[in-house]
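# need a structure here:
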Amino acid sequence: MTRIKRPLFGGAIQAFLPDRNIDASSIRLVPNNQEVYMHAESDQSIIVEILERVDEVSDENAIKYHFDALAEANNAENVQDHIIDKIESIPITSLNVQRLTSAWYLFGRQQVSKYHEQAKNIVHLHLCLLRLGGEIATDILISFNDPVLVNSQSSSNDEQIQNGSRWTFDDFKEFFSSFEVVDYGLFVPTTTDDVDMS
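Purely as a prediction, here's the structure:
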């Protein structure tokens, strides 16, 4: 499968995206701290989020913190609606990003309803957390949302393909493994402290 090297966040980050991707910002509003790519023929998506580093928990628990935050955003807070199957450390030497303090992978499942519908779909969530330390103090959360059981009453049912080329974990792994920060100025917050008011 051919990979397309895509600039993210105005070129500050770049990575290889899998084929059949659609930039969600071309069809809907996407927050400035996110890049969202959807599969052209299914309901799969890959999302990159630039977040403030979570320091009140350990590195290993930070990725669980972000998983739980996604569950809350997806209205899947009930224990049976979000399950973590695996958390493991990713060797920093296997990644292209500099200034990492640690990197983590999580695989879990959530029961998610789209557009606040009653029908819920089972979604496999693959998360990669890249933790930048020091003055940057940033968590880069990369998520791969893979609906595996779509309720027949869900609007997502119309978006699934039976025999098409769906993204796989290997596609996701190649994406985050090729992830490279070109401009670390992306993570420097804009403040008014340096403004001369005289």
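# secondary structure class for residue 126?
Secondary structure, DSSP: H, G, I helix; E, B strand; the rest coil: residue 126 is strand.
# Number the chain from 36, please
Right, with 36 as the first residue, what we last looked at is residue 161.
# need the contact list for it.
Counting by CB atoms under 8 Å, 6 or more residues apart in numbering, residue 161 touches 140-142, 178-179, 181, 204, 207. In short, each C-beta sits where N, CA and C put it, glycine included.
# try 7 Å
Taking CB atoms under 7 Å, 6 or more residues apart in numbering, we find residue 161 in contact with 142, 179, 181, 204, 207.
# next one: residue 164
With CB under 7 Å, 6+ apart, residue 164 has these contacts: 97-98, 101, 138-139, 174, 176.
# at 10 Å what do you get?
Residue 164 makes contacts with 86, 89, 94-95, 97-102, 122, 125, 137-141, 174-178, 211, as judged by CB atoms under 10 Å, 6 or more residues apart in numbering.
# Of those, keep whichever come out buried.
For the contacts of residue 164, a burial check counting by 16 or more other CB atoms under 10 Å picks out 89, 97-99, 101-102, 122, 125, 137-141, 174-178, 211.
# Give me the subset of the residues you listed that lies in strands.
122, 137-141, 174-178 (DSSP state E).
# I'd like to know which of those residues is nearest to residue 75.
Comparing these against residue 75 with CB to CB places residue 178 closest, at 18.5 Å.
# So what sits opposite the residue nearest to residue 133 when sequence neighbours are not counted in the bridge?
Of all residues not flanking residue 133 in the chain, residue 216 sits nearest, at 6.8 Å (CB to CB, 6 or more residues apart in numbering). Legend: beta-bridge partners of residue 216 under DSSP bridges are residue 48.
# Residue 43 now?
residue 48.
# Export the lengthiest helix in the chain to CSV, keeping only CA atoms.
The longest helix of the chain (DSSP state H) is helix 94-108. C-alpha atoms of helix 94-108 as CSV (Å, rounded to 0.1, in the frame of the first residue of the first chain):
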residue,chain,number,x,y,z
ASP,A,94,3.9,7.9,32.5
GLU,A,95,2.2,4.5,32.2
ASN,A,96,-1.1,5.9,33.7
ALA,A,97,-1.0,8.9,31.4
ILE,A,98,-2.2,7.0,28.4
LYS,A,99,-4.9,5.4,30.5
TYR,A,100,-5.9,9.0,31.6
HIS,A,101,-6.3,10.0,27.9
PHE,A,102,-8.2,6.8,27.1
ASP,A,103,-10.6,7.6,29.9
ALA,A,104,-11.0,11.2,28.7
LEU,A,105,-11.9,9.8,25.2
ALA,A,106,-14.5,7.5,26.9
GLU,A,107,-16.0,10.5,28.6
ALA,A,108,-16.1,12.4,25.3
